[in-house]
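J.: I need the structure of the sequence given here:
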Amino acid sequence: MRHGKSYREASQRYDKNHPYPAAEAVELVKTLASAKFDETVEIVYALGIDPKKADQMVRGTVSLPHGTGKEVRVAVFCPGDKEKEATEAGADVVGGKELAEAIANGRELDFDVAIATPDMMSEVGKLGRVLGPRGLMPNPKAGTVSADVGKAVSEFKAGKIEYRNDRYGNVHVPVGKASFEVGQLVENLASLTAEIERARPSGAKGRYMKAMTVSSTMGPGVKVDTGHLEDLIELAQ
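T.: Below you'll find the predicted structure:
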């Protein structure tokens with residue numbers, strides 16, 4: 001992949017092979033973010049898991065103390081008596097069977113998170129081929145299947161995010177914007193790292209947190225020193 005001039009110049013301003021303490025890595029990423037828009041800062045965890053084994057999947061949710069800086073659009077699939085609760089909590093799209101049918105017929109997926117009440121899953125389940133590939137299928141483990149739709153909507157609007165490993169055993173998660181203060185990004189990173197560590201599958205053997213790399217949308221990756229994870233996780237306590 002050929003990178004642009006700004007990316008190549010940024011890559012020459014630090015040691016790409018040197019792992020940095022979390023705060024230093026985040027500060028570097030902020031200085032390397034040179035786009036004209038507020039770049040998203042993302043962390044990638046390379047985990048010592050076998051993603052082909054169902055008992056080694058890493059998936060869940062975490063509430064970042066400072067949010068991600070992104071306005072999250074939430075859709076709620078619920079019966080009529082729950083629609084007011086969802087709307088008052090801030091849901092952007094609310095509906096029941098008719099919403100599911102509209103999506104099945106090609107309605108635009110103009111939302112980032114989909115929440116469903118348990119009794120709506122028989123309808124939402126039919127949308128697996130549409131919602132699944134986009135990571136939008138509601139799931140109890142992700143907190144997106146809930147009878148308490150008001151609470152679920154409020155949490156995702158406030159900065160709760162879902163994480164899951166990809167087919168290579170990596171977890172990619174946004175932790176904020178380049179405009180955030182270093183301390184805010186580090187605190188978000190600490191909360192996320194503590195959660196990823198907590199979610200370690202019992203079947204995972206050997207070294208679990210193999211590598212961590214943080215970067216901005218258009219910037220190069222900076223390695224985070226995994227030798228001091230206890231100190232980072234302590235910040236989340």
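J.: so what does the closest residue to Lys157 other than its chain neighbours have for phi and psi?
T.: Among residues not flanking Lys157 along the chain, Gly90 sits closest, at 4.8 Å (Cβ to Cβ, 6 or more residues apart in numbering). Heads up, the C-betas are built off the backbone N, CA and C, glycines and all. For Gly90, the backbone dihedrals are phi 110, psi 10 (criterion: degrees, to the nearest 10).
J.: Ala236 against Ala190, yeah?
T.: Yes. Between Ala236 and Ala190 there is a contact under Cβ atoms under 8 Å: 4.3 Å.
J.: mind checking which of these two has more residues around it?
T.: Ala190 (22 against 18; other Cβ atoms under 10 Å).
J.: what's the helix or strand for Asn188?
T.: Per DSSP states H and E: Asn188 is located in helix 182-198.
J.: report the buried residues of the helix or strand following that helix.
T.: Using DSSP H and E, the helix or strand that follows helix 182-198 in sequence is strand 209-216. By neighbour count on 16 or more other Cβ atoms under 10 Å, the buried set for strand 209-216 is 209, 212-216.
J.: quick one: Leu127 is in a strand?
T.: No. Under DSSP: H, G, I helix; E, B strand; the rest coil, Leu127 falls outside any strand and is assigned helix.
J.: hmm, who's touching the helix or strand where Ser122 lies?
T.: Taking DSSP H and E as the criterion, Ser122 maps to helix 121-124. Contacts with helix 121-124, where a contact means Cβ atoms under 8 Å, 6 or more residues apart in numbering, come from 77, 96-97, 100, 114, 116, 131, 137-138, 145.
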